[in-house]
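In: Sequence below, structure please.
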Amino acid sequence: MDVADLPAVDTLARELTESFDVDHPVAVLIAREVLTEARTGNGGVSDPVAAARERVARLAGSRLRRVVNATGVLLHTNLGRAPYGNDAVAPGYSTLEFDLASGSRGTRGDYLHHLIAATTGAEAALAVNNNAAALLLALAALAGPAGKVAVSRGELIEIGGSFRLPDLMAASGATLVEVGTTNRTRRSDMADVADEVDALLKVHPSNYRVEGFTEEIGFGAMGEVARAAGKPFIADLGSGLLDTRTPWLDGGPPAWLQGEPGARQTLAEGADVALFSGDKLLGGPQAGIAVGTRPAIQAMARHPLARALRIDDRTIASLTALFEAYAGGRGGEIPFWTMATAAPELIAARANAVLEASGAAGEVTEGSALPGAGSVPGHAIPTPVIRLDGNPEATWRALADHDPPVIASRRDGGLHVNLRSVLPDEDSIVGAALAAI
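Out: Below you'll find the predicted structure:
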């Protein structure tokens, strides 16, 4: 398009606003960017109107909205992980840092931190905005500036978004000391360096497994080595199982939890600080939970980074309701655990009812669901699924275009709708989406 034929910014912005669900200032911003690229020749824009429409469509599609998770991945990172929320704090003011008894400034999250400590058997606790932040704070506070931290080479993990443990450790100011080999790290390896470092770190490989000719030093052995050397022991549990006994579940822990460490047990094995996520197996909002000895937690709370990583009143309210459910023996009512432990027969009955009511072409067949978010890798939950006939890509697109979108799973050459990750009161939405195709 010739420069003289380019539309005015306002003209293009009005067209974008009329065609897509975006506010006018956003449309103006995109229109100005594209027209500038067209005029200067930067960006390879040959048709600015089409380019602007494409960018706005992509931007509008990224707007935060509710979806129905029918993928069978219960803790789906891209879809917000644990489906949890509460109305403990309505829009307005709260006693975030206000002491009603004295009428003066209070301590943020004081009740929550005592509740977490009581629930996990810890001396003290601290909640920050995610588990990577909790690890960053623990390293900075317990290893100190330029402190050395020992960790097994088999635990130099990379988490989602290409964030790697060595990079996080460098950001904390600590120096990484690699111990052992990728597949074998013995107690003697860690004991050999314990006197030379400022802290010991063990990272549970919650999103991968190393199998075959392997050996790792367990949490208990790490605790013993740390105590003998008089050094703090940081245990990053990742997924966030409170207690391996799962006392909130009838019948004890399900088979797919085998090998997952619990916060309570890790503390008992000698960890000075145990860290875990709020939105994984805990089943709550995004947060990083640190539990441990009072000196270790106080050192973290007093570190300057703690203010940058703190949580707001709505996260405090959500975590409070969550831990009150665990403390009151109602952990089984948390949506994640309700979905994860639902009997396959119940899922099959729901799937057959949804498929029959919708009139869609497909069948209910054997399948599986995953805990998700890197939790308990290699373990699946047996789950009947709806396998739909027809073109998987076209059907997936049709379901995703429904209002609200229904996100299904493309696998094994077909499209699967898995109701284990769908809340029961969302079955009618899935049925309507299937009927529409």
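
In: Next, the contact list for the closest residue to Glu216 other than its chain neighbours, please.
Out: Closest residue in space to Glu216, ignoring its immediate chain neighbours: Thr185 at 5.7 Å, by CB to CB, 6 or more residues apart in numbering. C-betas here are computed from N, CA, C, even on glycine. The contact partners of Thr185, taken as CB atoms under 8 Å, 6 or more residues apart in numbering, are 152-155, 179, 215-217.

In: Serialize those to CSV and add fields for pLDDT.
Out: What follows is the contacts of Thr185, written out as CSV (pLDDT from 0 to 100):
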residue, pLDDT
Ser152, 91
Arg153, 88
Gly154, 86
Glu155, 81
Val179, 92
Glu215, 82
Glu216, 84
Ile217, 89
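
In: Determine the longest helix present in this structure.
Out: Longest helix in the chain, counting residues (DSSP state H): helix 24-40.

In: which helices and strands sit right next to that one?
Out: Other elements packing on helix 24-40 under the criterion 3 or more CB pairs under 8 Å, 6 or more residues apart in numbering; DSSP states H and E are helix 9-19, helix 48-61.

In: will you turn the ones you listed into TSV that also has mean neighbour count, distance to Ala127 and mean pLDDT?
Out: Converted to TSV, the helices and strands packed on helix 24-40 look like this (neighbours: other CB atoms under 10 Å; distance: least, CB to CB, whole Å; pLDDT from 0 to 100):
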stretch	mean neighbour count	distance to Ala127	mean pLDDT
helix 9-19	17	41	92
helix 48-61	17	33	88
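
In: Distance to Ala296 added to these, as TSV?
Out: Below are the helices and strands packed on helix 24-40 laid out as TSV (distance: least, CB to CB, whole Å):
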stretch	distance to Ala296
helix 9-19	53
helix 48-61	44
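
In: Which one, of these, ends up nearest to Pro335?
Out: Among these, the nearest to Pro335 by CB to CB is helix 48-61 (26.0 Å).

In: Which residues does the closest one contact?
Out: Here helix 48-61 makes contact (CB under 8 Å, 6+ apart) with 1, 6-7, 12, 15-16, 19-22, 26-27, 30-31, 33-35, 37-38, 45.

In: Is it possible to mark the buried ones in the residues you listed?
Out: Neighbour-count burial (16 or more other CB atoms under 10 Å) is assigned, among the contacts of helix 48-61, to 6-7, 12, 15-16, 20, 22, 26-27, 30-31, 33-35, 37-38, 45.

In: Which positions in the helix or strand that contains Leu115 come out as buried?
Out: Secondary structure from DSSP states H and E places Leu115 in helix 110-120. Residues of helix 110-120 classed as buried: 112-113, 115-117, 119-120 (neighbour count, 16+ other CB under 10 Å).

In: quick check: mean pLDDT across that helix?
Out: What helix 110-120 shows for mean pLDDT is 94.

In: Could you list the buried residues of stretch 379-388?
Out: Buried-residue list, stretch 379-388, by 16+ other CB under 10 Å: 379, 381, 383-388.

In: Tell me how many other residues crowd Thr40.
Out: Other residues lying near Thr40 total 10 when counted by other CB atoms under 10 Å.

In: do Ala228 as well
Out: Neighbour count for Ala228, taken as other CB under 10 Å: 11.

In: Might one say that it is in contact with Ala194?
Out: Yes. Ala228 lies in contact with Ala194 (CB atoms under 8 Å); the separation is 7.1 Å.

In: Quick check: neighbours shared by those two?
Out: By CB under 8 Å, 6+ apart, Ala228 and Ala194 have no common neighbours.

In: For stretch 420-437, C-alpha coordinates in CSV please.
Out: Extracted in CSV, the C-alpha atoms of stretch 420-437 (Å, rounded to 0.1, in the frame of the first residue of the first chain):
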residue,chain,number,x,y,z
ARG,A,420,-12.3,-35.1,35.6
SER,A,421,-11.0,-31.6,35.2
VAL,A,422,-14.5,-30.2,34.7
LEU,A,423,-16.5,-29.0,37.7
PRO,A,424,-19.8,-30.9,37.8
ASP,A,425,-21.8,-27.7,37.5
GLU,A,426,-19.9,-27.1,34.2
ASP,A,427,-21.2,-30.3,32.6
SER,A,428,-24.1,-28.3,31.0
ILE,A,429,-21.6,-25.9,29.4
VAL,A,430,-19.7,-28.8,27.9
GLY,A,431,-22.9,-30.3,26.7
ALA,A,432,-24.0,-27.1,25.0
ALA,A,433,-20.6,-26.7,23.3
LEU,A,434,-20.8,-30.3,22.0
ALA,A,435,-24.4,-29.8,20.8
ALA,A,436,-23.3,-26.6,18.9
ILE,A,437,-20.8,-28.6,16.7
